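Visitor: pasting the sequence and the predicted coordinates here, then a few questions.
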Amino acid sequence: MTETAFADGTGASAGDVCVALGEIEAQLGQVSAEAFGSRALSAATDAEVVAVLQRAAQVARHAEALMVEATAQANERSSSAAVSERMTTDLGCRSVAELLQRSTRVSSRAATALVQGARAVAEPVAVASGEVLPAEFPAMRSALAAGDVGIDGLVAVTGPLARVVSTAGRAAHLAADEELAASARGDGVDGAPPACADDLRGQATVWARYLDQDGAEPREVVAMRKRGVTLGVARDGVVPLRGNLLAEVAGQLQQIFDSVLNPKVAGSVADSEAVSGPFFAPTTDEPTDFPNGADADRRTAVQKRHDALATALTVAAASGELPTLGGAAPTLVVSVRGEDIASGHGQAHVEGIAEPVTLDVARHIACTGAVQRIVTDARGRIRQIETSDRVFAHHQRRAIALRDGGCIIPGCRVRSSWCEIHHVTEHARGGATHTDNGVLLCWFHHRTIDSVGWKIRMNAGVPEVRGPYWWDATGRWRAPTTSPPQLRDRLQRRVQ
């Protein structure tokens, strides 16, 4: 292996750094290839395996230090008020994070960490004098340059402390910076070995609490600062959601949950004697007896809250009260190849989500919205655009709501204003957007109607439901409704 040295002692140019990194990359690549090819580590002792981990991590920390420094330059060169003068604009990127993802092939989370770390240890240049100013965290910058800490440890320290810089004062902030950098090096006051990123985060959190002590700001100001919602990266068909809600926002969300997930359900036939008021006894020509509706829903509590949130988002998007995007209301766009829909095999894609979804998702969305068919040639040029609007009109929705009352699945009590309208016969199969072909379903039952055993048919314009075997072993078709006028009319027909 060769040694790399710079020609003079005054410092390396950017070209020198790139040449040196190229030589190191080649050497490290050779070492890695030999280790993998010979499976040398399989015969290593435990101590040797740990030594390889430590040396490789040291190399990685030095590499991360250079990435942070380069990111700091990208941040500075992309901070111009004039968009056309930014480095990101010249390179065709929307942000520094996007530039990092493209150039380094890291994840969006890793790119964000690089940007945050670079801001914390960058040495800004005064515009007026050209003087190089100290970094916000000078001690952590030195630890990073020496390879004592990597990007994980850097963000673990600077994240908690950055939130209290304005209230702690510069002297206290620098003291915390120095103490935590010493802990990263392993020469802190407690004499402990170099701390890992999680230990540094815990120590930084303690420092942040000590410096802030929650006394400099009113409680509501602290709450406003901590509020936030984050969508993670899609994995296995779900996107993690985390964050902090203000008390009044959480209260409003709880009201929505309570509204959609109202636990009150109608009494069953078996306990009819305990139900006050008129009871609709079954007849041979119009069966209305249902098994216990409470057993019809087997979702867990957290799954129900998810579906209630999905319902609320759908209602909000369709309300017309939200700001427009691209001149139209916020619209969920799901794309799928026509051949895949026809064959029943393939995947669909939700705009803004990297992971593909099933064809059932595309069918669900298409059932309640417009379908736009785009024909392209072999090169991808758009040749034809066809739009089929399958949305039920407002007057049709009101009429269907009067007939059905709410979600027609027995035991579900989602009211009509929160429901979607389902084409019983799919529009793609010739089903009309007509009251004789539309029924109210909540988001969950609409999303799963083709896969959980419930069947729906129209009988002379009246919806009928047949439940799965575990719910109703008789397999009878039943005409459900929770509409008060419809229930009153049924009672009147029985007593006449």
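Guide: Structure received.
Visitor: strands along the stretch 301-450 of the chain, start to end?
Guide: Counting by DSSP state E, counting those that start in this stretch, the stretch 301-450 of the chain forms strands over residues 334-336, 348-350, 370-376, 382-389, 420-423, 438-441, given from the N-terminal end onward.
Visitor: want to throw the ones you listed into a markdown table with distance to V157?
Guide: Placement of C-beta: from N, CA and C, glycine included. As requested, the strands of the stretch 301-450 of the chain are exported to a markdown table (distance: least, C-beta to C-beta, whole Å):
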| stretch | distance to V157 |
| --- | --- |
| strand 334-336 | 42 |
| strand 348-350 | 37 |
| strand 370-376 | 50 |
| strand 382-389 | 51 |
| strand 420-423 | 48 |
| strand 438-441 | 51 |
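Visitor: can you lay out the ones you listed as CSV showing mean neighbour count?
Guide: Compiled in CSV, the strands of the stretch 301-450 of the chain are given as follows (neighbours: other C-beta atoms under 10 Å):
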stretch, mean neighbour count
strand 334-336, 16
strand 348-350, 18
strand 370-376, 12
strand 382-389, 10
strand 420-423, 23
strand 438-441, 28
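Visitor: of the ones you listed, which is nearest P138?
Guide: When the strands of the stretch 301-450 of the chain are compared by C-beta to C-beta, strand 348-350 sits nearest P138, at 44.9 Å.
Visitor: by contact count, what packs against that closest one?
Guide: Contact analysis of strand 348-350 by 3 or more C-beta pairs under 8 Å, 6 or more residues apart in numbering; DSSP states H and E lists strand 334-336, helix 359-368 as its packing neighbours.
Visitor: quick one: mean pLDDT over that strand.
Guide: Per-residue pLDDT values over strand 348-350 give a mean of 79.
Visitor: what's in contact with that strand?
Guide: Residues from elsewhere that reach strand 348-350, judged by C-beta atoms under 8 Å, 6 or more residues apart in numbering: 332-336, 340, 356-359, 361-362.
Visitor: ok, now stretch 43-55?
Guide: 35, 41.
Visitor: ok, stretch 162-175 next?
Guide: Around stretch 162-175, the neighbours that count as contacts under C-beta under 8 Å, 6+ apart are 120, 136, 138-139, 161, 176, 208, 211-212, 216-217, 225.
Visitor: out of the helices and strands packed on strand 348-350, which one sits most buried?
Guide: Counting by mean count of other C-beta atoms under 10 Å, helix 359-368 has the highest mean neighbour count of these, with a mean of 20.
Visitor: now do the same contact list for the most centrally placed residue in the chain.
Guide: Here the mean C-alpha position of the chain is nearest to the C-alpha of L231 (C-alpha atoms, centre = their mean), at a distance of 3.0 Å. Contact partners of L231, counting by C-beta under 8 Å, 6+ apart, are 239-241.
Visitor: quick check on the contacts of stretch 162-175: which are buried?
Guide: Among these, the ones that count as buried by 16 or more other C-beta atoms under 10 Å are 120, 136, 139, 161, 176, 208, 211-212.
Visitor: between those, which sits nearest G15?
Guide: Using C-beta to C-beta, A120 is the member of the buried ones among the contacts of stretch 162-175 that sits closest to G15, with 27.5 Å.
Visitor: picking up where we left off before, where is pLDDT lowest across the buried ones among the contacts of stretch 162-175?
Guide: D212 (74).
Visitor: quick one, what contacts that one?
Guide: With contacts defined as C-beta under 8 Å, 6+ apart, the neighbours of D212 are 163-164, 167-168.
Visitor: again, but for L100
Guide: Each residue near L100 by C-beta under 8 Å, 6+ apart is listed here: 71, 74, 106, 110-111, 114-115.
Visitor: a markdown table please, covering these and showing distance to G475.
Guide: Shown next, in a markdown table, are the contacts of L100 (distance: C-beta to C-beta, whole Å):
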| residue | distance to G475 |
| --- | --- |
| T71 | 64 |
| A74 | 65 |
| V106 | 55 |
| A110 | 54 |
| A111 | 55 |
| L114 | 60 |
| V115 | 60 |
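Visitor: taking those residues together, which two end up most distant?
Guide: The most widely separated members of the contacts of L100, counting by C-beta to C-beta, are A74 and A110 (14.7 Å).
Visitor: picking that back up, drop anything exposed from the contacts of L100.
Guide: The neighbour count (16+ other C-beta under 10 Å) marks 71, 74, 106, 110-111, 114-115 as buried among these.
Visitor: helices - which of those land there?
Guide: Counting by DSSP state H, the part of the buried ones among the contacts of L100 found in helices is 71, 74, 110-111, 114-115.
Visitor: with pLDDT added, can I get the residues you listed in TSV?
Guide: Shown next, in TSV, are those (pLDDT from 0 to 100):
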residue	pLDDT
T71	97
A74	95
A110	94
A111	94
L114	96
V115	96
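Visitor: pick the one among these closest to A128.
Guide: Where those are concerned, and distances follow C-beta to C-beta, A128 has its nearest neighbour in A74, at 23.1 Å.
Visitor: ok, R109 touching V155?
Guide: No. Because the distance of 10.4 Å does not satisfy C-beta atoms under 8 Å, R109 is recorded as not touching V155.
Visitor: more neighbours, those two?
Guide: Set side by side, R109 and V155 show unequal neighbour counts under other C-beta atoms under 10 Å, the larger going to V155 at 24 against 11.
Visitor: residues touching the more buried one, list them.
Guide: Residues touching V155, when contacts are defined by C-beta under 8 Å, 6+ apart, comprise 113, 116-117, 120, 197.
Visitor: quick check: which ranges of the stretch 1-150 of the chain have low pLDDT?
Guide: Using pLDDT under 70 as the threshold, the predicted model of the stretch 1-150 of the chain has low-confidence ranges 1-11.
Visitor: where do the helices sit along it?
Guide: 14-38, 46-77, 87-90, 96-104, 108-121, 138-145 (DSSP state H, counting those that start in this stretch).
Visitor: just say helix, strand or coil for V229.
Guide: strand (DSSP: H, G, I helix; E, B strand; the rest coil).
Visitor: Three-state assignment for the residue lying closest to it once chain neighbours are set aside, please.
Guide: Of all residues not flanking V229 in the chain, G243 sits nearest, at 3.7 Å (C-beta to C-beta, 6 or more residues apart in numbering). Assigned with three-state DSSP, G243 falls in the strand class.
Visitor: my read: G243 touches G228, true?
Guide: Yes. Taking contact to mean C-beta under 8 Å, the distance of 5.0 Å between G243 and G228 places them in contact.
Visitor: average model confidence for stretch 353-365?
Guide: The average pLDDT within stretch 353-365 is 75.
Visitor: with just CA atoms, put that stretch into PDB.
Guide: Coordinates of the C-alpha atoms in stretch 353-365 are reproduced here as PDB (Å, rounded to 0.1, in the frame of the first residue of the first chain):
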ATOM      1  CA  ILE A 353     -44.900   7.500  -2.100                       C
ATOM      2  CA  ALA A 354     -42.000   5.500  -3.400                       C
ATOM      3  CA  GLU A 355     -43.200   2.000  -2.600                       C
ATOM      4  CA  PRO A 356     -45.800   0.500  -5.000                       C
ATOM      5  CA  VAL A 357     -49.300  -0.500  -3.800                       C
ATOM      6  CA  THR A 358     -51.700  -3.200  -4.800                       C
ATOM      7  CA  LEU A 359     -54.200  -3.000  -7.600                       C
ATOM      8  CA  ASP A 360     -57.000  -3.100  -5.000                       C
ATOM      9  CA  VAL A 361     -55.900   0.400  -4.000                       C
ATOM     10  CA  ALA A 362     -56.200   1.600  -7.500                       C
ATOM     11  CA  ARG A 363     -59.700   0.100  -7.800                       C
ATOM     12  CA  HIS A 364     -60.800   1.700  -4.500                       C
ATOM     13  CA  ILE A 365     -59.600   5.200  -5.600                       C
END
